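Enquirer: here's a sequence, model it:
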Amino acid sequence: MAVLTKLRVFLQLQRGLLFRYGWLRAWWVGKPVNRNGDPLPWITYPAIDFLSQFDFADASVFEWGSGFSTLWWAKRCKSITTVESGPNWIPYIRPMLPASVKFLTPAFTETEEVRALYDEDRMYDVIVIDNNGPFRAACADAAVGKLAAGGMILLDNSDQCLKTCSVLRGSGFTQIDFTGFVPGNGYAHCTSVFFKNTLKFSVSGGSQPHQSPAQPNPPWEGC
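Expert: Below you'll find the predicted structure:
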């Protein structure tokens with residue numbers, strides 16, 4: 001019986017990660033997508049689950065590093081500005097983006113990449129730091145002054161960007177880490193959310209937390 005129980009748990013794991021989360025489909029097509037083929041940010045599944053709880057319909061988003069995350073955000077937020085400096089990535093991702101996305105392509109220098117945040121005289125509700133350049137700490141330093149009250153800063157690969165994390169914590173932000181696997185990749189890393197005080201975003205769907213795609217059981221009664 002113990003062997004059968006262990007086998008059942010193993011199969012649940014396979015079904016949950018590979019199929020319900022869509023990891024197998026993402027690996028097969030070589031793109032961060034869910035089990036239905038819809039685009040996902042290339043961040044950890046726990047971070048995606050966390051973000052998916054909130055209503056971003058009125059949110060303005062600024063993103064360093066374009067990709068399938070831009071497609072994901074564009075369906076959920078009021079406006080999004082994304083910055084991309086990769087010369088090989090720009091012609092690939094640009095045709096996929098809807099017309100509503102403001103797509104900026106500065107030269108690959110720290111000054112121009114960071115300055116892109118100040119092209120518009122506005123504050124942003126969500127600022128995403130996921131660019132390929134070595135400028136993440138400088139981006140974080142700039143983001144501190146452009147984040148609207150109650151907003152969040154999202155940093156991917158935070159376990160490999162310790163200086164950037166230190167910059168944000170040193171500016172008074174709370175850091176919440178979401179470590180786990182990402183769509184299509186065989187290794188785990190960390191995506192972190194930074195905020196001050198409380199988040200302004202209301203919960204979508206009426207409950208928090210939302211159930212994981214790999215959770216087959218309903219909420220417990222009375223709890």
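
Enquirer: the closest residue to P46 other than its chain neighbours: how many residues sit nearby?
Expert: Computed as Cβ to Cβ, 6 or more residues apart in numbering, the closest residue to P46 that is not its neighbour in sequence is F178, at 3.9 Å. The way it works is simple: take the backbone N, C-alpha and C, and place the C-beta from them, glycine included. When neighbours are counted by other Cβ atoms under 10 Å, F178 registers 21.

Enquirer: which SSE is K102 in?
Expert: strand 101-104 (DSSP states H and E).

Enquirer: can you tell me the SS state at the residue nearest to P46?
Expert: Taken by DSSP: H, G, I helix; E, B strand; the rest coil, the conformation at F178 corresponds to strand.

Enquirer: in the sheet, who's paired with it?
Expert: F178 has these beta-bridge partners by DSSP bridges: T191.

Enquirer: mind listing what it touches?
Expert: I43, T44, P46, A47, F50, C190, T191, S192, V193 (Cβ atoms under 8 Å, 6 or more residues apart in numbering).

Enquirer: ok, for the first one, nearest residue in space, not its chain neighbours?
Expert: For I43, the nearest residue in space outside its immediate sequence neighbours is T191; the separation is 4.2 Å by Cβ to Cβ, 6+ apart.

Enquirer: so what are the domain limits for the protein?
Expert: The record's domain parsing of the chain by automatic domain parsing lists 1-38, 39-201.

Enquirer: same list, the ones you listed, but as JSON lines with mean pLDDT please.
Expert: Formatted as JSON lines, the domains of the chain follow (pLDDT from 0 to 100):
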{"stretch": "domain 1-38", "mean pLDDT": "86"}
{"stretch": "domain 39-201", "mean pLDDT": "93"}
